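only geometry, no sequence info:
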């Protein structure tokens with residue numbers, strides 16, 4: 001089974017010039033996917049003390065700087081933008097990339113930045129209701145001539161979205177691992193599902209739950225792509241593993257042990273084995289997740305050693 005190998009990079013604590021240079025490097029090395037995330041503050045939050053670029057504007061630059069990789073955002077919080085506006089932006093980005101854009105959606109978690117910027121951040125049940133309404137509006141606007149929708153949270157009235165995307169069906173990804181609602185919404189409306197920082201065994205288990213939801217929604221499970229984001233803490237020297245673990249703990253605090261379960265905290269050889277473990281439990285797409293500053297030597301090893309080895313299998 002072929003697997004997509006991508007890079008998910010947060011646009012925080014790094015200059016735009018550096019990001020643009022980095023995106024070109026990734027594209028030239030043939031990565032399959034490059035994505036941003038949707039935050040106003042750094043993640044995890046430090047109360048807005050690090051520089052951070054807005055996602056949609058950043059994606060415009062990413063689209064223009066790349067020629068081959070599919071691009072997207074994992075994931076847009078549905079509460080920050082009207083879904084009709086997001087559909088319009090997705091279509092625009094699809095044209096800038098020549099048909100390489102894919103849209104990620106989620107129910108959000110970063111209450112600190114939302115409160116600081118004046119956005120309501122309701123309970124998770126309400127946010128999932130918003131996600132379900134938004135996914136319906138966006139799907140219809142990307143595929144139909146006119147869309148009308150009257151929901152509790154979002155409305156559109158005979159809205160068009162022209163030009164249509166270049167892709168006949170622009171993929172919609174939904175991120176999250178909530179088993180009662182999130183995975184149901186995935187099975188009903190998404191083309192792909194994205195999970196972050198889970199172990200291979202946990203990915204397998206949640207993946208099986210998603211298959212059950214597909215059956216409930218009378219959907220063929222194989223019609224849904226499955227992706228995982230892994231924290232990139234790889235090093236080329238075994239002697240540096242302890243230092244990488246310390247850095248991970250500094251970034252994530254109380255969540256460090258949890259995040260380590262879904263990380264490449266290892267050597268290049270071990271990274272190959274770990275990525276293949278996700279591949280064997282159903283991951284179609286595997287993305288390393290980067291936060292600046294990252295280990296350039298380790299990243300080069302990933303691009304020139306790990307990726308070719310996995311593709312050769």
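Yep, that arrived. The structure displayed is predicted, hence computed values, not measured ones.

contacts and neighbour counts: CA atoms only from here.
Will do.

my guess is residue 165 contacts residue 91, does it?
Yes - between residue 165 and residue 91 there is a contact under C-alpha atoms under 8 Å: 4.8 Å.

what residues do the two have in common as contacts?
Counting by C-alpha atoms under 8 Å, 6 or more residues apart in numbering, the contacts common to residue 165 and residue 91 are residue 142.

Mind checking which of the two has more residues around it?
Shown here are residue 165 and residue 91; by other C-alpha atoms under 10 Å, residue 91 has more neighbours (25 against 22).

Pull the residues that contact the one helix or strand that one maps to.
Using DSSP states H and E, residue 91 falls within helix 83-97. Residues outside helix 83-97 that contact it (C-alpha under 8 Å, 6+ apart) are 56, 59-60, 63-64, 66-67, 100-103, 134-135, 137-138, 141-142, 154, 156, 161, 163-167.

Filter the residues you listed down to just the ones in strands.
101-103, 156 (DSSP state E).

ok, of those, which one's closest to residue 196?
Nearest to residue 196 among these, counting by C-alpha to C-alpha, is residue 103 at 16.5 Å.

Tell me how many other residues surround residue 220.
11.

residue contacts, the closest residue to it other than its chain neighbours?
Counting by C-alpha to C-alpha, 6 or more residues apart in numbering, residue 220 lies nearest to residue 214, which is 6.4 Å off, once chain neighbours are set aside. By C-alpha under 8 Å, 6+ apart, residue 214 lies in contact with 184, 187-188, 220-221.

Please report how far residue 214 lies from residue 117.
37 Å (C-alpha to C-alpha, to the nearest Å).

which residues of this structure fall in strands?
4-9, 33-36, 70-73, 76-77, 101-106, 147-150, 155-159, 172-175, 192-196, 225-232, 263-264, 285-290.

As a markdown table, those strands with mean neighbour count and mean pLDDT would be great.
What follows is the strands of the chain, written out as a markdown table (neighbours: other C-alpha atoms under 10 Å; pLDDT from 0 to 100):
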| stretch | mean neighbour count | mean pLDDT |
| --- | --- | --- |
| strand 4-9 | 22 | 98 |
| strand 33-36 | 25 | 98 |
| strand 70-73 | 25 | 98 |
| strand 76-77 | 24 | 98 |
| strand 101-106 | 26 | 98 |
| strand 147-150 | 16 | 98 |
| strand 155-159 | 14 | 98 |
| strand 172-175 | 25 | 98 |
| strand 192-196 | 23 | 98 |
| strand 225-232 | 24 | 98 |
| strand 263-264 | 22 | 97 |
| strand 285-290 | 24 | 98 |
